[in-house]
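Undergrad: this is a predicted model, with the sequence first.
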Amino acid sequence: QVQLVESGGGLVQPGGSLNLSCVASGDFFTISTMGWFRQGSADQREMVAVWSSGGTMNLVDSVKGRFTASRDNAKKTLHLHMTSLNFEDTAVYFCKANVQITSSKWSTRAYWGRGTQVTVSA
């Protein structure tokens, strides 16, 4: 069974920084794409940062220049480094991974973590 566990959320003042981590565990072959999504006051879950297995990172425009994502394949970990946080960054941040369970690419499934709350408040 594959599990994704996020950590690092909390309360921070505007302009502050936080680092989120997501660790994947379980019995699987490999992870292709890993990413961070967030869900704030709106119902939709928004993509924040996606890191492909090929080493390409994509960020949503609203966080470019403030957030970066780093991935450690050996440790099956994805980090999100957030700086210059503002009120609009308040949300539950979710980790998502496309996990290939066996050596067949057809065994790839999407998994989500339970999320970690980030609150930006004065």
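TA: Everything's here; your move.

Undergrad: measure the residue nearest the centre of the chain to E6 for me?
TA: The residue lying closest to the centre of the chain (CA atoms, centre = their mean) is W36, at 2.4 Å. Applying CB to CB, to the nearest Å, the value for W36 to E6 is 9 Å. Using the backbone N, CA and C atoms, a C-beta is placed for each residue, glycine as well.

Undergrad: so what sits against both of those two?
TA: Counting by CB atoms under 8 Å, 6 or more residues apart in numbering, the common neighbours of W36 and E6 are L20, C22, Y93, F94, C95.

Undergrad: which element is the fourth one on?
TA: This points to F94. strand 91-100 (DSSP states H and E).

Undergrad: ok, A110 touching C95?
TA: No - using CB atoms under 8 Å, A110 makes no contact with C95, being 11.3 Å away.

Undergrad: hey, where'd the strands end up in the protein?
TA: 3-7, 10-12, 18-25, 30-39, 46-51, 57-59, 67-72, 77-82, 91-100, 108-112, 116-120 (DSSP state E).

Undergrad: what's near enough to touch the nearest residue to Q3 once chain neighbours are set aside?
TA: Among residues not flanking Q3 along the chain, S25 sits closest, at 5.1 Å (CB to CB, 6 or more residues apart in numbering). By CB under 8 Å, 6+ apart, the contact set of S25 is V2, Q3, V5, K76.

Undergrad: and S25, how far from E88?
TA: 32 Å.

Undergrad: re earlier: same for the strand holding F94, what does it pack against?
TA: Judged by 3 or more CB pairs under 8 Å, 6 or more residues apart in numbering; DSSP states H and E, strand 91-100 is in contact with strand 3-7, strand 18-25, strand 30-39, strand 77-82, strand 108-112, strand 116-120.
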